[in-house]
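# sequence and predicted structure below; questions after.
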Amino acid sequence: MAKKKYFLTATLPDGYVKTIGPTATAFTHYWRIVALLANGRTEVFWGHVKSLAEAKKKRAAAEDAARTRGWKSYAFEIVELERSGG
């Protein structure tokens, strides 16, 4: 029998809302990196993971990326996903 699918919603402090789904995977957190590049442009990286600990590991990766890619600055955010529907 197939797992029941549902939608996940992340609401970030700046008001941005990301909806993921339908999915049957038990994701719990959404992470986002907004990087300011050396040329003044902005680049966004994001993903969803199955635990807060897994999301926090992305912070170290963001620090490494900032150094190796020469970002002027970046913001790293983690929010809990809300489950709905399905």
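Everything's here; your move.
# surely P22 and K5 touch.
Yes - between P22 and K5 there is a contact at 3.8 Å, judged by Cβ atoms under 8 Å. Yep, even glycine has a C-beta here, placed from its N, CA and C like the rest.
# closest to the centroid, which residue in the chain?
What sits nearest the mean C-alpha location of the chain, by Cα atoms, centre = their mean, is W31, with 2.2 Å.
# quick check: mean pLDDT of whichever strand or helix holds that one?
When elements are assigned from DSSP states H and E, W31 belongs to strand 29-36. The pLDDT scores in strand 29-36 average 97.
# just checking, what packs against the helix or strand following it?
For strand 29-36, the following helix or strand on the C-terminal side (DSSP H and E) is strand 42-49. In terms of contacts (3 or more Cβ pairs under 8 Å, 6 or more residues apart in numbering; DSSP states H and E), strand 42-49 is packed against strand 29-36, helix 52-69.
# can I get the ones you listed in TSV including distance to V17?
As requested, these are exported to TSV (distance: least, Cβ to Cβ, whole Å):
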stretch	distance to V17
strand 29-36	10
helix 52-69	18
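# go through those and pick out the most buried.
Highest mean neighbour count of those: strand 29-36, a mean of 20 (counted as mean count of other Cβ atoms under 10 Å).
# so what touches it?
With Cβ atoms under 8 Å, 6 or more residues apart in numbering as the test, strand 29-36 has contacts from 8, 10, 12, 16, 18, 20, 42-49, 51-52, 54-55, 58, 62, 65-66, 69, 71-81.
# so for G85, which of the helices and strands packed on strand 42-49 sits nearest?
strand 29-36 (16.8 Å; Cβ to Cβ).
# what angle separates that closest one from helix 52-69?
Here the directions of strand 29-36 and helix 52-69 differ by 20 degrees (axes from the mean of the first three to the mean of the last three Cα atoms, to 10 degrees).
# partner strands of strand 29-36, with direction?
Neighbouring strands of strand 29-36 in its sheet, by DSSP bridges, are strand 42-49 (antiparallel), strand 73-80 (antiparallel).
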